[in-house]
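# Prediction below, plus the sequence it came from.
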Amino acid sequence: MAPLEDELKAALRRSEPSPDFTERVLARVAAAPVRRAPRVSQMWVRWVAAMAATLLLAAGGLEYRHYQGERAKSQVLLAVRIAGSKLNKAQKKVQMMTHRSIS
Amino acid sequence: MPRRTPAPAAASGFDFASLVRQHQAMVFSIAWHLLRDRAVAEELAQDVFLSLHQHLGEMESPEHVLYWLRRVTSNRALDEARRRQRRPMVSLESAPEPVAVTPAGDPLLDTSLRKLVAALPEKARAIVVLRYQEDLDPAEIARVLGIPVGTVKSQLQRALALLREKLSRVAGQASGLSLGKE
Amino acid sequence: MKAAGLLTACLLLAGAAGAQQLKWNFDKLAARASDSVDVSLEGPLLRLGTSFLSDTDKDQAKIKKLVGGLKGIYVRTFEFKKPGEYSQADVESFRAPLHGPEWQRIVGVHSNEEGETVEVYIRSEAKGIGGLAIIATEPKQLTLVNIVGPIDLDSLSELGGQFGIPEVEVDKKK
């Protein structure tokens, strides 16, 4: 029996939604209502929304930056691990051959 | 104060329709594997893309879009799963087994496994789906779900052990059934 | 971490200004591989990843020092379902850019028993050694590493010979 993890990958592979999914999403986007604030407080609402958007954008951007950094760090470590293991293998072989030729 | 409203999708540089087509399978499948209800999963997937459209101006790169979609889909699907279940959290070990007994090694193994996964508690289910559907490592899963990486690793280990045990029980019952027929 | 120790030696061999990423074409292999690892780090992303390495973890701090001056790290590993999915011609296509006068092979080991080969190349430039390439083949796996970046010759001379790399004689002025 194949290892469970291979079976899970097979069982949980992605599948497509219904064929008209994209069209339905685009239709909903086109139909999404535009909300307008009451005229009297429109400027205030815009200013608050702008502040909130700025803060959210900054927070989201910082969070994504951290995610990017951690991901890049993982890749550095992975690359070093792979390259190091190959060089280690070469080193061991050379050492083995050196010992054999001496003896 | 300069005007700063969420940038419209058209100004973001992303082709929204292409993004939908590119990622619809991923978004739908995460929702479906977590909810096991195709219609609800499609509805949720549409909502996620609607939200993406509203936040498209904040996306910094295709990778950001991917991360955002996985995060929002997983968290919304988990919220929906909890709402639909309306039951107290059960421990991993007491997760119910599927009603239908499907022998292991049968072409229906995929279905059995999906049902077993669907029977896991929500968080464990999400971790398994992100690991095996999306091929994310524990650190990435932790970031998507906003939980510690240690929790991801321990939950994943326990979920696999439980799935192995339940799967072998299912296979054992199936063998017992076929023997009993003679 | 022994691998990190050996890598220390070889990364110190890596690159002067002007060294560039090897133009390897992975399309054919990628189409045949059952699984692959792809790391391509350069510029801002490499600097970002390096900055996230810990200063307090011994191994990470060593690696941080090593990769700190590098321009690019490129690693591709391809795994195949069965032996014979890639040919010697495929491997030769990766050796081809390393035939130029600026590259020299410093290590080449082969194991008949395991069917494994590891080749290590360094790139020489006016200012010194400017790049590193590794081609490692196994029956069901092929790994290609290319590192581009600056070199520290004094450190290299201290490590010479310890890791199977031929000693590099450096005149030390006292």
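Structure received. None of these values were measured; they are calculated from a predicted model.

# can we go C-alpha only for contacts and neighbour counts from here?
Will do.

# mind checking the SS state of the residue in chain B that chain C sits nearest to?
Residue of chain B nearest chain C, by CA to the nearest CA: B:D135 (11.5 Å). Assigned with DSSP: H, G, I helix; E, B strand; the rest coil, B:D135 falls in the coil class.

# Can you read off the pLDDT for residue 80?
Since you didn't name a chain, this refers to chain A. pLDDT for A:V80: 78.

# my question was about chain C
88.

# Could you report the neighbour count for it?
19 (other CA atoms under 10 Å in any protein chain shown).

# Next, work out how far apart it and C:Q141 are.
Separation of C:F80 from C:Q141 (CA to CA, to the nearest Å): 6 Å.

# Would you mind listing the residues in contact with B:L136?
B:L130 (CA atoms under 8 Å, 6 or more residues apart in numbering or on different chains).

# and it, what are its phi and psi?
Per-residue torsions, B:L136: phi -80, psi 150 (degrees, to the nearest 10).

# any idea how far C:L132 is from it?
B:L136 is 30 Å from C:L132, by CA to CA.

# now A:E70
Using CA to CA, A:E70 is found at 25 Å from C:L132.

# The two: who's more crowded?
For A:E70 versus C:L132, neighbours defined as other CA under 10 Å are more numerous around C:L132 (28 against 21).

# The more buried one touches C:N146, doesn't it?
Yes - between C:L132 and C:N146 a contact is recorded at 5.7 Å, counting by CA atoms under 8 Å.

# where does residue 35 land on pLDDT?
You didn't say which chain, so I picked chain A. pLDDT, read off for A:R35, is 46.

# Sorry, I should have been clearer: chain B.
At B:L35, the model reports a pLDDT of 90.

# burial of the closest residue to B:H64 other than its chain neighbours, as a residue count?
Nearest residue to B:H64, sequence neighbours excluded (CA to CA, 6 or more residues apart in numbering or on different chains): A:Y64, at 7.3 Å. For A:Y64, the neighbour count with other CA under 10 Å is 19.

# Check the burial of B:A41 by counting its neighbours.
Counted by other CA under 10 Å, the residues lying close to B:A41 total 24.

# tell me which element it falls in.
Using DSSP states H and E, B:A41 sits in helix B:38-55.

# Now do that helix: which elements does it pack against?
Judged by 3 or more CA pairs under 8 Å, 6 or more residues apart in numbering or on different chains; DSSP states H and E, helix B:38-55 is in contact with helix A:21-31, helix B:16-35, helix B:62-85.

# mind putting the ones you listed in TSV, mean neighbour count included?
Formatted as TSV, the helices and strands packed on helix B:38-55 follow (neighbours: other CA atoms under 10 Å in any protein chain shown):
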stretch	mean neighbour count
helix A:21-31	15
helix B:16-35	22
helix B:62-85	17
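
# Which pLDDT value belongs to C:A17?
Here, the pLDDT recorded for C:A17 equals 40.

# Ok, C:A31 next?
C:A31 is assigned 83 on the pLDDT scale.

# Show the contacting residues for B:L160.
A:L4.

# distance of it from B:A139?
Distance from B:L160 to B:A139, by CA to CA: 18 Å.

# hang on, the earlier thing: per-residue pLDDT, the residue nearest to B:H64?
pLDDT, A:Y64: 78.

# In terms of helices and strands, where is it?
Here A:Y64, judged by DSSP H and E, is contained in helix A:42-102.

# name the helices or strands packed onto that helix?
helix C:2-11, strand C:35-42, helix C:43-51, strand C:72-79, strand C:103-111, strand C:116-125, strand C:128-138.

# did I read that right, C:V145 in a helix?
No - using three-state DSSP, the secondary structure at C:V145 is strand, not a helix.

# Next, count neighbours for it.
22.

# hang on, the earlier thing: alpha carbons of the helix holding B:A41, in CSV - could you do that?
This file holds the C-alpha atoms of helix B:38-55, laid out as CSV (Å, rounded to 0.1, in the frame of the first residue of the first chain):
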residue,chain,number,x,y,z
ARG,B,38,-20.0,21.5,-3.0
ALA,B,39,-22.7,24.2,-3.2
VAL,B,40,-21.5,25.9,0.0
ALA,B,41,-17.9,25.6,-1.1
GLU,B,42,-18.7,27.3,-4.4
GLU,B,43,-20.6,30.1,-2.7
LEU,B,44,-17.7,30.6,-0.3
ALA,B,45,-15.2,30.6,-3.1
GLN,B,46,-17.2,33.3,-4.9
ASP,B,47,-17.3,35.4,-1.7
VAL,B,48,-13.5,35.1,-1.4
PHE,B,49,-13.0,36.3,-5.0
LEU,B,50,-15.4,39.1,-4.4
SER,B,51,-13.3,40.2,-1.4
LEU,B,52,-10.2,39.8,-3.5
HIS,B,53,-11.6,42.2,-6.0
GLN,B,54,-12.2,44.7,-3.3
HIS,B,55,-8.6,44.4,-2.0
